[in-house]
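> no sequence for this one, just the structure:
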């Protein structure tokens, strides 16, 4: 009986608990897994500062970053660890406050969560983030950073630029018990 009550309470906001939303859960886990696997492989098989190939527009280059974007504010990992926890909590709260978010809104949240958790794992376990994707003049970054960037872009797109993309279509998205006829 309590399960029914809890489910009915969640349908007033996001329609489903975030841990029961398979799209968000699986997407987030895939991003975290891919991020952590690639970082592990870089740490295991490359020397710090090594680039493969040595020159070119796109390279794999092993660096670490104890700061934030572009290496700003280095050597204060506790601040960024706390900021990561706050960001993750805010994303979960944002998800919960959305009324039946559409696929693209949920994907943007999964991208942001996966990236935030991926870099959070590095900060907690090593005090810094492993970076390895080296493209042109852009600072070296990782899959979590890419996920966060894409998630922010998509979130702005579905909430500001094209808000109709952020809304669910009743016949194709998650349905609450009251939607079943």
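Yep, it's here. Computed from a prediction, not measured in an experiment: that's the story for all the values here. Residues are numbered from 1 along each chain as shown.

> Tell me the helix or strand right after the worst-scoring helix or strand of the chain on mean pLDDT.
Using mean pLDDT, DSSP states H and E, helix 2-10 stands out as the lowest-scoring helix or strand of the chain, at a mean of 41. Counting by DSSP states H and E, the next helix or strand C-terminal to helix 2-10 is helix 22-45.

> What average pLDDT does that next one get?
With pLDDT averaged residue by residue, helix 22-45 scores 97.

> I'd like the distance from that helix to the chain centre, please.
Between the centre of helix 22-45 and the centre of its chain there are 10 Å (Cα atoms, centre = their mean, to the nearest Å).

> Just the residues contacting it, thanks.
Helix 22-45 is contacted from outside by 18-19, 60, 62, 95, 103, 106-107, 109-111, 113-115, 117-119, 121-122, 130, 132, 142-144, 147, using Cβ atoms under 8 Å, 6 or more residues apart in numbering. All C-beta spots, glycine's among them, are computed from the backbone N, C-alpha and C.

> can you tell me which of those residues are in strands?
In strands, judged by DSSP state E, the following of these are found: 60, 62, 130, 132.

> Kindly reformat those residues as JSON lines containing distance to residue 52 and neighbour count.
Converted to JSON lines, those look like this (distance: Cβ to Cβ, whole Å; neighbours: other Cβ atoms under 10 Å):
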{"residue": "60", "distance to residue 52": "5", "neighbour count": "17"}
{"residue": "62", "distance to residue 52": "9", "neighbour count": "20"}
{"residue": "130", "distance to residue 52": "15", "neighbour count": "25"}
{"residue": "132", "distance to residue 52": "9", "neighbour count": "23"}
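
> Now the terminal residues of stretch 132-148, how far apart.
Stretch 132-148 has an end-to-end distance of 16 Å (criterion: Cα to Cα, to the nearest Å).

> Next, the buried residues of it.
Buried residues in stretch 132-148, counting neighbours by 16 or more other Cβ atoms under 10 Å, are found at 132-134, 140-145, 147-148.

> How about stretch 105-125?
Under the neighbour-count criterion of 16+ other Cβ under 10 Å, stretch 105-125 has 105-123 buried.
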